[in-house]
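1. I would like the atomic coordinates for the input below:
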Amino acid sequence: MAEKDLRINEQIRVREVRLIDEKGEQRGIIPTLEAIRIARELGLDLVEVAPQSVPPVCKLLNYGKFKFEQEKKVKDSRKKAKGGELKEIRMQPKIATHDLDFKSEHVREFLEEGNKVKVTIRFRGRELAHTERGEDVLKAVLARLEGFYVMERLPMMEGRFMSMTLSPKASIIKKQAESESDATAPTAPVSGQA
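-> Reported below is the predicted structural model:
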């Protein structure tokens with residue numbers, strides 16, 4: 001239910017409500033004013049959670065805390081839907097092979113974590129006359145990352161920078177989600193070991 005649709009305390013304008021207490025147990029159908037009085041005595045709010053039913057279902061809870069938890073759930077779902085952060089790796093067109101390997105390994109790690117990666121080549125001074133060297137560096141990075149990425153944005157010049165954006169392959173995201181669910185799953189004790 002959308003937050004705007006929720007009615008609390010005196011905003012509830014029906015004669016009777018089906019009341020659910022703070023422990024989640026049903027108290028039955030009682031007059032609305034009586035339900036509001038009970039909520040005040042307990043230091044809680046009366047919140048209408050199912051207005052479409054007859055009579056409407058209301059719950060005793062701390063509305064501020066409830067609202068905070070709802071917002072937190074929405075933020076968490078947005079984070080999961082995004083697929084991670086955007087990380088950036090910067091290089092120069094005259095990068096050494098070892099440095100290229102090292103930076104490519106970082107890109108791979110970011111992709112394995114489920115993040116998008118922006119690989120940027122910075123041109124300084126006369127290097128701008130040889131942008132093909134930047135393209136060669138980006139191609140070398142892609143060769144080292146074979147099977148780990150999906151090209152989200154092709155290499156493109158933006159002023160003195162050439163950049164491309166990579167996102168992780170679906171298989172990598174799935175593997176990461178499985179490892180996270182395995183980490184949160186409770187482990188069963190092994191019987192027979194002392």
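
2. neighbours around the residue lying closest to Val57 once chain neighbours are set aside, how many?
-> In space, and not counting its chain neighbours, Val57 is closest to Ala50: 3.8 Å by CB to CB, 6 or more residues apart in numbering. (Each C-beta comes from the backbone N, C-alpha and C, glycine too.) The tally of other residues near Ala50 (other CB atoms under 10 Å) stands at 15.

3. quick one, phi/psi of Ala50?
-> Listed backbone geometry of Ala50 is phi -140, psi 80, with angles given as degrees, to the nearest 10.

4. which elements pack onto the top helix by length along the chain?
-> Ordering each helix of the chain by length in residues (DSSP state H) puts helix 63-82 first. Contact analysis of helix 63-82 by 3 or more CB pairs under 8 Å, 6 or more residues apart in numbering; DSSP states H and E lists strand 45-50 as its packing neighbours.

5. returning to what we had before: can you give the strand pairings for the helix or strand following the longest helix of the chain, parallel or anti for each?
-> With elements assigned by DSSP states H and E, the helix or strand that comes after helix 63-82 is strand 86-91. The strands beside strand 86-91 in its sheet (DSSP bridges) come out as strand 116-122 (parallel).

6. could you give the angle of the partner strand to helix 63-82?
-> 60 degrees (axes from the mean of the first three to the mean of the last three CA atoms, to 10 degrees).

7. correct me if wrong: Ile36 contacts Glu10.
-> Yes - Ile36 is within contact range of Glu10, at 7.0 Å (criterion: CB atoms under 8 Å).

8. which of the residues in the longest helix of the chain are buried?
-> 63, 66 (16 or more other CB atoms under 10 Å).

9. neighbouring contacts of that helix?
-> Defining contact as CB atoms under 8 Å, 6 or more residues apart in numbering, one finds that helix 63-82 is touched by 3, 8, 44-45, 47.

10. need the helices for the chain, in chain order.
-> Along the chain, the segments classed as helices by DSSP H run 32-42, 63-82, 97-112, 131-144, 170-184.

11. chain center to the first one: distance?
-> So that's helix 32-42. In terms of CA atoms, centre = their mean, to the nearest Å, the centre of helix 32-42 is found 38 Å from the chain centre.

12. can you mark which positions in stretch 102-120 are buried?
-> 103-104, 107-108, 110-111, 114-120.

13. what about the residue sitting furthest away from the middle of the chain, distance to Pro93?
-> Here the chain reaches farthest from its C-alpha mean at Arg126, the gap being 42.3 Å by CA atoms, centre = their mean. Summarising the geometry, the distance separating Arg126 from Pro93, computed by CB to CB, to the nearest Å, is 11 Å.

14. residues near Pro93, how many?
-> Look at Pro93: counted by other CB under 10 Å, it has 20 neighbours.

15. my guess is it meets Ile121, correct?
-> Yes - taking CB under 8 Å as the definition, Pro93 is a contact partner of Ile121 at 5.8 Å.

16. roughly how far does Ile95 sit from Lys72?
-> In this structure, Ile95 and Lys72 are 42 Å apart, going by CB to CB.
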